Structures are given as structure tokens and as C-alpha cells.
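Enquirer: sequence first, predicted model second:
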Amino acid sequence: MKTKKIGFIGGGNMASSLITGLIASGHSPSQIWVSDVNQDVLKTLANNLNINISVANEAVIEEVDVVVLAIKPQVLREVAENCAAIIRKKRPLVVSIAAGITQESLSRWLGAEVAVVRCMPNTPSLVLTGATGLHANANVDDEQRDLAENILRSVGVALWVDKESELDAVTAVSGSGPAYYFLLMEAMEQAALSMGMPEHTARLLIQQTALGAAKIALESNESPEQLRKRVSSPGGTTEQAIKAFEQGGFRELVAKAIQAAHDRSIEMSKQLGEQ
């Protein structure tokens, strides 16, 4: 892994996070390349991370074993088609982190023989605590699977799915998921303020509670249901709060929200693939 040359097409926040994670895990900056149309972005990356930069996508692809497509979905087709010839010649592994762009679309734009791993990271990857779903097409070999997994693992958890369609569920659960937790935190903060708690106190208590609950869940072998019951004493305050959630249709609302995100993910994939 550490001897492989990795190139990023696009130098935005997610690319910067992945590069930071790779370097933190021992990958040499001299083995990393980035291209971007924004020269200020490139200069910042070069100054901060001491990596190789170029304004030409083809120059980066010429140098590397792995090409990470880290650009907006709306411009991916144009970039992919412009780079298709050199990618077919060089045959690097292509890793796409562009939301909604299917492997079928990528293969159509780049070439059917190209090895492609499609990924769905989420925004906590920006602080190296991400959760990513991955799916490889039939051209990806075992070494390339390991390469893709290690790249995404540098910013958090990386899990493979058996079917590409499962990435729509990944999008609905972990891709959009941080916003669900932020919404709950927002509602909790508003409730605390209405009880007279100072805003700073409420926010910090809620943030630390969210962190602590996630840490317990990650480090425990128990299910969320078991963990919830463990802190819900009969007749206590927590039990009363949980009853209010349940009576308000909390589970049904969560299921409806995640299904809506899932359906929109499918719809967006179709729209983006036709562009």
C-alpha cells in the first residue's frame, strides 16, 4: 500500500481529508499527486502537505497506480471522458467518491475494461471519523480491493457491500446520517434552552453526550436496544422520555425519513447518469 502512487482528481475537502489520513497512516507525501483547476487550492495542499500538484489531470494519471475521482458529480462525466484515453492506456484502479454516479455510468465514460471502486463516504471523514461503503466492479482484483479499502480506512471505517444497489442504503443511513444526529442535537438544545439552560452549557452537554453514546456503542458487543435498556431504569426519567418518543411515532418517522433518502439516492443516480 505505502509503495503505491495515488492521484486525486480534485483537491477539495474530501480529497484533502483522505490525503491527510493517508499521510498520518504512513504514506509518503512524495507518492501522492493532486490535480485541480484552482491553483490556490493546489498551492495550499502543496504547502501544507508537501505533495505533488498539477493543473493537468492527465499529468497526474500518468504518474499513479490509483486515481481517486474527488470532484462534483455534475462535472464528472466531462472529466472522465476527457481522461478516458489515458486511463485505458495506463489501467490504474479508479476510485470514485462522487455521490450518485453509478459504476455503469463510469464504465460507459471511462471504458468497460477499467477497474472501478465506487465509494460512499460521509462528512465525518473530514475529521477522520468517517463511515464509507464500497463496491467494486468485476475488473477489480484482490490487491486493488485492499488498496481502495486502505485509502478509505485512512479516514474512518470502510465496509464492502455485495451489491452496488446497497450503496443507496449506505447513502440513506451513513451518508445522510450525520444530519439526522445534528437534527436531534438541535431539538435537544432547543428543549434545554426552553428549560432555562444557558446555550453554551446545553450545547456542550449535548455534544459530549452524543460522543459518549457513540463511543459506548462502538466499544460494546451489545445491540442498541440492549444499551438503551441498560440506561432506562424502570420508573425513571429516561424511561419516561423513551415512552414519549415511542408514543410520538419516533421509529416510524425515522424509517420514513431513511426511506425517503434512499429513494432520492436512486432518483439522483438516474438523473446524474443521464447528464
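Expert: Structure received.
Enquirer: so residue 257 is in contact with residue 180, correct?
Expert: Yes: the pair residue 257 / residue 180 is scored as a contact, 7.1 Å apart, by CB atoms under 8 Å. For glycine as for every other residue, the C-beta is placed from the backbone atoms N, C-alpha and C.
Enquirer: how about residue 242, nearest residue that isn't a chain neighbour?
Expert: Using CB to CB, 6 or more residues apart in numbering and skipping residues adjacent in sequence, the residue nearest residue 242 is residue 232, 5.7 Å away.
Enquirer: ok, now which ones touch that neighbour?
Expert: 238-239, 242 (CB atoms under 8 Å, 6 or more residues apart in numbering).
Enquirer: with residue 58 instead?
Expert: With CB under 8 Å, 6+ apart as the criterion, the residues that contact residue 58 are 83, 86.
Enquirer: now the helix or strand hosting it - C-alpha only, PDB.
Expert: When elements are assigned from DSSP states H and E, residue 58 belongs to helix 57-63. This file holds the C-alpha atoms of helix 57-63, laid out as PDB (Å, rounded to 0.1, in the frame of the first residue of the first chain):
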ATOM      1  CA  ASN A  57      -5.500  15.700 -14.800                       C
ATOM      2  CA  GLU A  58      -3.600  13.700 -17.500                       C
ATOM      3  CA  ALA A  59      -0.200  14.500 -15.900                       C
ATOM      4  CA  VAL A  60      -1.400  13.100 -12.600                       C
ATOM      5  CA  ILE A  61      -2.900   9.900 -14.100                       C
ATOM      6  CA  GLU A  62       0.400   9.300 -16.000                       C
ATOM      7  CA  GLU A  63       2.200   9.100 -12.600                       C
END
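Enquirer: check the offset of it from the chain's centre.
Expert: Computed by CA atoms, centre = their mean, to the nearest Å, the chain-centroid distance of helix 57-63 equals 24 Å.
Enquirer: then stretch 90-110?
Expert: For stretch 90-110, the distance between its averaged C-alpha position and the chain's averaged C-alpha position is 16 Å (CA atoms, centre = their mean).
Enquirer: run through the helices of the stretch 51-200 of the chain in chain order.
Expert: Ranges of helices within the stretch 51-200 of the chain are 57-63, 73-90, 103-110, 142-153, 166-170, 177-194, 199-219, based on DSSP state H, counting those that start in this stretch.
Enquirer: how about the ones you listed, which one is nearest residue 129?
Expert: Residue 129 lies closest, by CB to CB, to one member of the helices of the stretch 51-200 of the chain: helix 199-219, at 9.1 Å.
Enquirer: tell me the helices and strands packed up against the closest one.
Expert: For helix 199-219, the helices and strands in contact under the criterion 3 or more CB pairs under 8 Å, 6 or more residues apart in numbering; DSSP states H and E are helix 177-194, helix 224-230.
Enquirer: for it, give me every contacting residue.
Expert: For helix 199-219, with CB under 8 Å, 6+ apart as the criterion, the contacting residues are 181, 185, 188-189, 192-193, 224, 227.
Enquirer: now the angle from it to helix 177-194?
Expert: Comparing the axes of helix 199-219 and helix 177-194 via axes from the mean of the first three to the mean of the last three CA atoms, to 10 degrees yields an angle of 140 degrees.
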